[in-house]
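>>> below are the sequence and a predicted model for it; my questions follow.
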Amino acid sequence: MIYDLVFLNGRVMDPETNLDAIRSIGISNGFIVAISEQVLKGHVEVDISNLILCPGFIDVHSHEHTDEYYALKCQDGVTSVFELEVGTNDIDQWYAERENKTLVNYGVGIGHIQVRMKVFDHPPGFLPQSDSPAALQPDRIDQITKELEYGLRRGAMAMGFGIHYVPAATRWEIVECFRLAKTYNVCCHVHMRHFGAQEKNGSLAALQEVLALGACTKAAINVCHIHSTCLSATNKALELIHDAHKNGMDITTEFYPYLAGCSSIDSALFNDELWQEQLGIGYNSLTYVNTKEQLDINSFNRYRKEGGLIIINSIPEQAVVDCLQSPITLMGSDALRGHPRAAGSCARVLGHYVRECHLITLMEAIRKMSLFPAQRLESASLQMKIRGRICIGAIADLCIFNPLTVKDCATYEEPKLPSQGIVHVLVNGIFVVRNEKLVTIDKNIKLPGEPIRGIIRD
């Protein structure tokens, strides 16, 4: 048999079966149709000796969904990108804006933050301003849950929460939202109510709220960026999540491989005057993205009125290490412009933490960036059962990289530099990166990225 495309002599790594061997891979009509120890024949044959072929990476947490950032994701080995934390308040519009226009597969959740912004007539934007009714008004639960349910009926891939950004959202409001998520069998992706390692109003108290919600509602949970929320208490938080998982709770958590966070300076994260104590930093640990200026109290107050993104240098290295070595974590970049995590997260895991630091095995790293995210989303869409693995019948979303040269190049000074050592990337069987270069595809034709969407019930 002659296949559309054959990869020869590659080291094939499948995190589902733990296959790690030299194989030939045959692809036809966008699917993997042959995996063989023998040489296969194809209309196009590519020798990938000394390279690794694995599932394309799946990023469940990205806030950048433009052509520019989809291209950077491809060059980082990512084939599917989701916005599941902040999400959207209009599922139909979000998918329609991207139809036939993306290099990567894409999906979105219905966002509690975004729905609150709609219900309280907040201007469109990424996050609510710190003094807005969307952040500070504690009512309209019926309207909020009605909007959330409509989004779920229109195929939302998850329900997203950023409780810290909307501090007026009562605990009962969040209970009702979790109940809805359970009814529709989607995962709750949760940015928790508090950050920091302190006892009062700290991250462990916030985590206990989330664990109680999981226990009472049985909703599936993914705790967002546990390391940037819990900081020096990350090891304790992971222990609690692991215990909950061991005792039957459907819960995971995620991290990104950097020591700085990023968020909006005019958000409610900074409403509490104790934020410096909670984060263990001062003003000089903040950098304003637009000017790359290190802040002091005067510039902080000025930019807080203007808005914009800031880099927050607060994450201990050990928190990242603890996440890497935990069996229940997946990697989600939390991509935001101005931060290198938007361009280099996957390559940084492979190059720095696997090859240079030997903190995690290559197979486990691949698993955290492909199979685990796919499994997290399987309840929302059956598509995810045939992504994130290398097997006959799987969709040919593939990353082929050089384990000796793969590395992140993006920095805080130059956050849009593409990763190196990602040699080929295929989305639905079509090259989007070839020989380490982004493939130029005529935008007048349908691009290879497909919508990944839940069940549409209306």
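Alright, I've got the coordinates.
>>> the host helix or strand of F7 pairs with which strands, and in what direction?
When elements are assigned from DSSP states H and E, F7 belongs to strand 2-14. Neighbouring strands of strand 2-14 in its sheet, by DSSP bridges, are strand 19-28 (antiparallel), strand 41-47 (parallel), strand 52-55 (parallel).
>>> out of those strands, which one sits most buried?
Of all the strands paired with strand 2-14, strand 52-55 has the most neighbours on average by mean count of other C-beta atoms under 10 Å, namely a mean of 26. Heads up, the C-betas are built off the backbone N, CA and C, glycines and all.
>>> hmm, who's touching that strand?
Contact partners of strand 52-55, identified using C-beta atoms under 8 Å, 6 or more residues apart in numbering, comprise 7, 10-15, 25, 79, 362, 366, 370-371, 374, 387-390, 394, 397-403.
>>> what about it, average pLDDT?
Per-residue pLDDT values across strand 52-55 average out to 98.
>>> then stretch 358-377?
Per-residue scores along stretch 358-377 average to 98.
>>> what's the answer for stretch 269-285, then?
Regarding stretch 269-285, the rounded mean pLDDT is 93.
>>> start and end of it, how far apart?
Start-to-end span of stretch 269-285 (C-alpha to C-alpha, to the nearest Å) is 15 Å.
>>> do stretch 312-329 as well
In terms of C-alpha to C-alpha, the two terminal residues of stretch 312-329 are separated by 22 Å.
>>> what about it, distance to the chain center?
Between the mean C-alpha point of stretch 312-329 and the mean C-alpha point of its chain there is a distance of 15 Å (C-alpha atoms, centre = their mean, to the nearest Å).
>>> and it, which residues are buried?
Using 16 or more other C-beta atoms under 10 Å as the burial criterion, the residues of stretch 312-329 that qualify are 312-316, 319-324, 326, 328-329.
>>> re the thing from before, in TSV, list the strands paired with strand 2-14 along with distance to K443.
Conversion of the strands paired with strand 2-14 to TSV gives the following (distance: least, C-beta to C-beta, whole Å):
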stretch	distance to K443
strand 19-28	24
strand 41-47	23
strand 52-55	27
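>>> of the contacts of strand 52-55, select the buried ones using a PyMOL command.
Buried residues within the contacts of strand 52-55, as defined by 16+ other C-beta under 10 Å, are selected in PyMOL through the command that follows:
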select buried, resi 7+10+11+12+13+14+15+25+79+362+366+370+371+374+387+388+389+390+394+397+398+399+400+401+402+403
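>>> if we can go back for a sec, and the strand holding F7, average pLDDT?
Mean per-residue pLDDT for strand 2-14: 98.
>>> excluding its backbone neighbours, what's nearest K443?
If you skip the residues right next to it in sequence, K443 has K101 as its closest partner in space, 7.7 Å away by C-beta to C-beta, 6 or more residues apart in numbering.
>>> and the one you found, what pLDDT?
According to the prediction, K101 has pLDDT 93.
>>> tell me the spacing between the closest residue to E378 other than its chain neighbours and A374.
Here the nearest residue to E378 in space, its sequence neighbours aside, is M384; by C-beta to C-beta, 6+ apart that works out to 4.6 Å. Distance of M384 to A374, computed by C-beta to C-beta, to the nearest Å: 5 Å.
>>> what do you get for L8?
For L8, the distance to A374 equals 26 Å [C-beta to C-beta].
>>> SS state for T252?
Taken by DSSP: H, G, I helix; E, B strand; the rest coil, the conformation at T252 corresponds to strand.
>>> where's the closest residue to it other than its chain neighbours, which helix or strand?
Residue nearest to T252 in three dimensions, not counting chain neighbours: N222, with 5.0 Å by C-beta to C-beta, 6+ apart. Counting by DSSP H and E, the element that carries N222 is strand 221-223.
>>> now for that strand, which elements pack on it?
Secondary-structure packing of strand 221-223 (3 or more C-beta pairs under 8 Å, 6 or more residues apart in numbering; DSSP states H and E): strand 188-191, helix 203-217, strand 251-255.
>>> show me where the stretch 101-250 of the chain has helices.
Assignment of helices within the stretch 101-250 of the chain using DSSP state H, counting those that start in this stretch yields the ranges 112-119, 133-136, 141-153, 171-183, 203-217, 226-230, 234-246.
>>> out of the ones you listed, nearest to P418?
Of all these, it is helix 226-230 that lies closest to P418, at 23.8 Å by C-beta to C-beta.
>>> now for the closest one, which elements pack on it?
For helix 226-230, the elements it packs on are helix 203-217, helix 234-246, strand 251-255, helix 317-325, judged by 3+ C-beta pairs under 8 Å, 6+ apart.
>>> hmm, who's touching that helix?
If you take C-beta under 8 Å, 6+ apart as the criterion, helix 226-230 is touched by 191-192, 195, 197, 203-204, 206-207, 223, 234, 236-238, 241, 253-256, 261, 312, 314-315, 319-320, 322-323, 329, 334.
>>> of those residues, keep whichever come out buried.
Restricting the contacts of helix 226-230 to buried positions leaves 191-192, 195, 197, 203-204, 206-207, 223, 234, 237-238, 241, 253-256, 261, 312, 314-315, 319-320, 322-323, 329, 334, with burial counted as 16+ other C-beta under 10 Å.
>>> what about the closest residue to G56 other than its chain neighbours, helix or strand, and which?
Leaving out its chain neighbours, the residue that sits closest to G56 by C-beta to C-beta, 6+ apart is T79, at 2.9 Å. Counting by DSSP H and E, the element that carries T79 is strand 78-88.
>>> report the rounded mean pLDDT for the following helix or strand past that strand.
Going down the chain from strand 78-88, the next helix or strand is helix 91-98, by DSSP H and E. The average of the pLDDT scores along helix 91-98 is 98.
>>> end to end, how far does stretch 166-175 reach?
Stretch 166-175 has an end-to-end distance of 15 Å (criterion: C-alpha to C-alpha).
>>> residues contacting it, please?
When contacts are taken as C-beta under 8 Å, 6+ apart, the neighbours of stretch 166-175 outside the stretch itself are 112-113, 116, 128, 134-138, 141, 144, 161, 163, 193, 209, 213, 216-217, 268, 271.
>>> pull out the buried residues from stretch 158-175.
Burial within stretch 158-175, assessed by neighbour count using 16+ other C-beta under 10 Å, is assigned to 158-169, 173-175.
>>> which one of the residues you listed is nearest to G421?
Nearest to G421 out of the buried residues of stretch 158-175 is A158 (C-beta to C-beta; 31.1 Å).
>>> distance-wise, check that closest one relative to R337.
22 Å.
>>> which ones are touching A135?
For A135, the contacting residues are R116, P128, Q129, Y165, V166, P167, A168, S267, A268, taking C-beta under 8 Å, 6+ apart as the criterion.
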